[in-house]
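Sharing a sequence plus its predicted fold:
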Amino acid sequence: MTVAFFSGKGRRIGVALGAVSAGLLVLSACDKPTPLATVTVGGNSVSSEATCYNDGKPLKKSEYQSCLNKKAEKSVEVAMDDKVRFGVDPEIADNGWTLFINGQQAEQEPYKKTYRSIPGSAFFSSQTGETTDKTQISIVETSGKQLTGVWHFELKKSS
């Protein structure tokens, strides 16, 4: 002889509570995605999440150099006469962002808009006048004098 411990309604309520609990547990384990930065050349676009990001808070100063030295995982081909378009999420633009070329800051003042365009020829010559076939571009979100996020892209010179 078997005895039912729960009625049909009780089992359904138990299953529903279990499913809700499991769903909340899964959602709490997810990290919030970082804002995106995008580089577009002609019809080709590459987007990336941040290489280094601390949920909008400043990174530790001890992390700055290692973040800037990380290699780009995304690349796009650029001809010398192409326009390179940079786009960032509005929350990056609110703080301000600057471009770094091969780990060196390329501009003094942070840019506060979500989009800008720069000629491709600007990225393939060094200060000594030598040309290069690839350049690492870093979009760096700033908050005052502190870095809050770093996004890397590689620009490859097309023939």
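In hand now; what should we look at? Numbering: from 1, shown residues only.

quick one: low-confidence ranges for this protein?
Within the chain, the segments meeting pLDDT under 70 span 1-32, 126-129.

now the strands: where do they sit in it?
37-41, 44-48, 52-53, 75-78, 83-88, 97-101, 104-105, 115-119, 134-143, 146-157 (DSSP state E).

among those, which is nearest L59?
L59 lies closest, by Cβ to Cβ, to one member of those: strand 146-157, at 5.0 Å. The way it works is simple: take the backbone N, C-alpha and C, and place the C-beta from them, glycine included.

Give the partner strands of the closest one in its sheet and their orientations.
Sheet partners assigned to strand 146-157 using DSSP bridges are listed as strand 52-53 (antiparallel), strand 75-78 (parallel), strand 134-143 (antiparallel).

Outline the domain layout of the chain.
Split into domains by automatic domain parsing, the chain comes to 1-30, 37-157.

and the last one, how far out from the chain's middle?
The chain centroid and the centroid of domain 37-157 are separated by 10 Å under Cα atoms, centre = their mean, to the nearest Å.

Good, we can wrap up now.
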